[in-house]
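*Asks:* Structure here, sequence nowhere to be found:
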């Protein structure tokens, strides 16, 4: 029997970093893009198994201003503009194990500079994360980023009550923990849509 002892990782750097439309008031924070072979487009939540765009498209109706011939990425940007929603991921550079797209197969080497993003977009007052404080999720990576920068945030409270607050550079931000749009979360799409409607259209 041949024994495998080497755990294979590849190093990846985020290709598009963030998209925050002018006047965005909320920032949705993920972990890292799916593995390249699973991407339907070079933008956030590009896997066919992720329901993010299905949900936010429903919330942004009607979309009369989006022409049929509009590029797929540009369509998504118009949806974000209508919802005043920005997107980024916590991971800027990661190690990916065995080519897997699961969050548990990712190890963050470098985080996005969330502080700078917030300074560059002062209308943002709400940060939306998902997951829990254990393992790999945008909530746990956000918690680590805050610890690295001496920012106090009670992520256990955020995980439990689904909301909390963090003060960054003297400005308070609401932190909301939403259901993950991944089908691995096993939440029904209508439950996911109701969750996002309460957060994004409040």
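*Replies:* Yep, that arrived. Just so it is clear, the structure is predicted and the values come from calculations on it, not from any experiment. Residues are numbered from 1 along each chain as shown.

*Asks:* Flag the shaky bits of this protein, pLDDT-wise.
*Replies:* Across the chain, the ranges flagged by pLDDT under 70 are 64-69.

*Asks:* I'd guess residue 159 is in a helix, am I close?
*Replies:* Yes. Assigned with DSSP: H, G, I helix; E, B strand; the rest coil, residue 159 falls within a helix.

*Asks:* For residue 105, see how far away it is.
*Replies:* For residue 159, the distance to residue 105 (Cβ to Cβ, to the nearest Å) stands at 22 Å. Any C-beta I mention is one placed from the backbone N, CA and C, and that applies to glycine too.

*Asks:* In terms of neighbours, single out the busier of these two.
*Replies:* The neighbour count for residue 159 versus residue 105, taken as other Cβ atoms under 10 Å, is higher for residue 159 (19 against 16).

*Asks:* From what I see, the more buried one and residue 133 are in contact.
*Replies:* Yes. With contact defined as Cβ atoms under 8 Å, residue 159 and residue 133 form a contacting pair (5.3 Å).

*Asks:* Could you report the distance from the residue lying closest to residue 72 once chain neighbours are set aside to residue 35?
*Replies:* Nearest non-adjacent residue to residue 72, counting by Cβ to Cβ, 6 or more residues apart in numbering: residue 41, 4.9 Å away. Between residue 41 and residue 35 the computed distance is 14 Å (Cβ to Cβ).

*Asks:* the more surrounded of those two?
*Replies:* Neighbours were counted for residue 41 and for residue 35 using other Cβ under 10 Å; residue 35 has more, 17 against 13.

*Asks:* Can you list phi and psi of that one for me?
*Replies:* phi -60, psi 140 (degrees, to the nearest 10).

*Asks:* which one is it nearest to, not counting chain neighbours?
*Replies:* Per Cβ to Cβ, 6+ apart, closest to residue 35 is residue 101, 4.4 Å.

*Asks:* Phi first, then psi, for that neighbour.
*Replies:* The phi/psi pair for residue 101 (degrees, to the nearest 10) is phi -100, psi 0.

*Asks:* give me every residue that touches it.
*Replies:* 34-35, 38, 47 (Cβ atoms under 8 Å, 6 or more residues apart in numbering).

*Asks:* let's see 10 Å
*Replies:* Residues in contact with residue 101 (Cβ atoms under 10 Å, 6 or more residues apart in numbering) are 32-39, 47, 49-50, 182.

*Asks:* just to revisit the earlier point, what's the helix or strand for the residue nearest to residue 72?
*Replies:* Using DSSP states H and E, residue 41 sits in no helix or strand.

*Asks:* mind checking how far the most centrally placed residue in the chain is from residue 70?
*Replies:* Residue closest to the average C-alpha location in the chain (Cα atoms, centre = their mean): residue 30, at 1.9 Å. Distance of residue 30 to residue 70, given as Cβ to Cβ: 23 Å.
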